[in-house]
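>>> Structure for the following, please:
(one chain, ligands or ions: 1)
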Amino acid sequence: MSIEREPSRSTGADENLDRKRRENRVGALHHHAFHARDMEATRHFYEDILGMPLIGTWVERMNPVTGKPDNYVHTFFEMTDGSCLAFFQFKSDETSYDTSLNKFENSNPFAHHIALTVEGKGEIERFKKRLAEHDVPVFETDHGYCYSIYFHDPNGMQVELTTRVPQTAEMMKDAGKTAHQTLALWLAEEDVATNNTKRGAGWVKA
Ligand SMILES: [Fe+2]
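Have a look, this model is predicted:
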């Protein structure tokens, strides 16, 4: 069975980008949710180490997915724009971390990660030092259009902290003009050369 989808349109400089942005009605991140294996370890990691305040804890006694009585807690850790990282921890065996589909050791950053914004390379260095003080292994990479560090939270979820760099605005302006064209080219051809000429040394252990 094939999935029908609209082909990516190549429109050269993509003069439609401004219109598409004006017409978009999907706003900023509200929250990203993940299954917690230990909510206190999760609280310590996000609130005490990363400095994201716990702004809400909701105890729930009915599972809206199964429609059955359950016992779980739902927490929100706030970012500077008001959006949150959210976590669930269940007490019942049926919905616990160990029996959840979310159980995995996420060692491959391409599989799943959540990227959060920090302001400048100084903040990247500050978080690297803070995470090292708490024995959290960190990897870093220069993406060209941004600069990032990656690490795992106590639940196995990979977190990225990323900052804009001096060339970010210029690179993203150009990327917006060529995004469809570049995607169409990559889909159609085997050996398309990189168009990210500003990328640095890549994935290195911090
Ligand atoms: Fe990322």
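>>> what does stretch 132-151 rub up against?
49, 109, 113, 115, 121, 124, 127-128, 131, 152, 158-165, 167-168, 171-172, 175, 196-206 (Cβ atoms under 8 Å, 6 or more residues apart in numbering). Where you see a C-beta, it was placed from the backbone N, CA and C, and this is true even at glycine.
>>> what do you get for stretch 45-52?
53-54, 77-79, 85, 127, 130-131, 134, 136, 153-154.
>>> picking that back up, quick one: which of the contacts of stretch 132-151 sit in helices?
Among the contacts of stretch 132-151, the members falling in helices (DSSP state H) are 121, 124, 127, 128, 131, 168, 171, 172, 175.
>>> Tell me, how many residues neighbour the nearest residue to the last one once chain neighbours are set aside?
The one in question is residue 175. Leaving out its chain neighbours, the residue that sits closest to residue 175 by Cβ to Cβ, 6 or more residues apart in numbering is residue 145, at 7.1 Å. Neighbour count of residue 145, defined by other Cβ atoms under 10 Å: 19.
>>> rewinding a little: let's see if you can find the most crowded of the ones in helices among the contacts of stretch 132-151.
residue 127 (22 neighbours).
>>> Could you pull up the mean pLDDT of stretch 20-39?
Taken as a whole, stretch 20-39 has a mean pLDDT of 92.
>>> Can you give me the buried ones in that stretch?
Residues of stretch 20-39 classed as buried by neighbour count (16 or more other Cβ atoms under 10 Å): 34, 35, 36, 37, 39.
>>> right, and the fourth one touches residue 154 too?
Yes - the pair formed by residue 37 and residue 154 meets the contact definition of Cβ atoms under 8 Å, at 6.8 Å.
>>> and stretch 51-59, how far out from the chain's middle?
19 Å (Cα atoms, centre = their mean, to the nearest Å).
>>> Also stretch 114-127?
13 Å.
>>> CA atoms only for that stretch, dumped as PDB, please.
Taking Å, rounded to 0.1, in the frame of the first residue of the first chain, the C-alpha atoms of stretch 114-127 are listed here in PDB:
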ATOM      1  CA  ILE A 114      13.900  17.600  21.700                       C
ATOM      2  CA  ALA A 115      15.900  20.800  20.900                       C
ATOM      3  CA  LEU A 116      15.600  23.800  23.200                       C
ATOM      4  CA  THR A 117      17.000  27.300  22.600                       C
ATOM      5  CA  VAL A 118      19.700  29.000  24.600                       C
ATOM      6  CA  GLU A 119      21.200  32.400  23.800                       C
ATOM      7  CA  GLY A 120      24.800  32.300  22.600                       C
ATOM      8  CA  LYS A 121      27.900  30.200  22.800                       C
ATOM      9  CA  GLY A 122      28.500  31.400  26.400                       C
ATOM     10  CA  GLU A 123      25.300  29.700  27.500                       C
ATOM     11  CA  ILE A 124      26.300  26.500  25.700                       C
ATOM     12  CA  GLU A 125      29.600  26.600  27.600                       C
ATOM     13  CA  ARG A 126      27.800  27.300  30.900                       C
ATOM     14  CA  PHE A 127      25.500  24.300  30.400                       C
END
